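Student: Next comes the sequence, and after it the predicted model I'd like to discuss.
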Amino acid sequence: MGDMGDYWRDMKPALKEDSQRKRAGNRDASAGNLTAAGIPFESKNGGAHLIVSAAGLVVDFWPGTGLWVVRGTGERRRGVRHLIKRLGGRWSPQQERNDHEDGESRRT
């Protein structure tokens with residue numbers, strides 16, 4: 001195979017490890033952000049799945065990928081910030097500063 005194929009085959013383990021590390025970080029940060037916003041949730045599967053209940057809605061949230069689905073509707077979105085806003089919570093400036101200090105993406 002060509003040089004590019006060899007390159008990507010060699011890079012795959014490192015990229016996979018980075019992806020797993022980012023998802024784990026998202027799980028921890030998202031639970032903390034929901035708690036800071038005062039939004040109650042129930043953790044399932046070691047934090048991989050959160051069941052969020054607020055504003056009369058029940059939302060299934062997978063913080064590793066950021067996907068959330070409002071039960072009983074077709075509404076599917078991504079991002080803990082969007083989820084907090086959708087449920088009537090506030091994203092505080094303190095959370096914004098903490099994200100930047102931790103090197104988090106603005107799209108968390």
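Tutor: In hand now; what should we look at?

Student: Now do residue 50 against residue 8, distance only.
Tutor: Applying CB to CB, to the nearest Å, one obtains 34 Å for the distance of residue 50 from residue 8. C-beta coordinates here come from the backbone N, C-alpha and C atoms, glycine included.

Student: higher neighbour count, these two?
Tutor: More crowded of residue 50 and residue 8, by other CB atoms under 10 Å: residue 50, with 23 against 11.

Student: Surely that one and residue 44 touch.
Tutor: Yes - at 7.2 Å, residue 50 counts as touching residue 44 under the criterion of CB atoms under 8 Å.

Student: Contact partners for residue 76?
Tutor: 67, 68, 69 (CB atoms under 8 Å, 6 or more residues apart in numbering).

Student: In strands only, show me the residues you listed.
Tutor: Of the contacts of residue 76, the ones assigned to strands by DSSP state E are 67, 68, 69.

Student: partners of the last one in the sheet?
Tutor: So that's residue 69. Under DSSP bridges, the beta-bridge partners of residue 69 are residue 60, residue 76.

Student: what about it, neighbour count?
Tutor: Using other CB under 10 Å, residue 69 has 15 neighbouring residues.

Student: need the next SSE after the longest helix along the chain, C-terminal direction.
Tutor: Taking DSSP state H as the criterion, the chain has its longest helix at helix 3-36. Toward the C-terminus, helix 3-36 is succeeded by strand 41-44 as the next helix or strand (DSSP states H and E).

Student: quick one: contacts of that next one?
Tutor: 31, 34, 49, 50, 51, 52, 53, 61.

Student: biggest separation within those, which pair?
Tutor: The distance between the two most remote of those (CB to CB) is 14.5 Å, for 31 and 53.

Student: Looking at these two, which one has more neighbours?
Tutor: Per other CB under 10 Å, whichever of residue 31 and residue 53 has more neighbours is residue 31, with 17 against 14.
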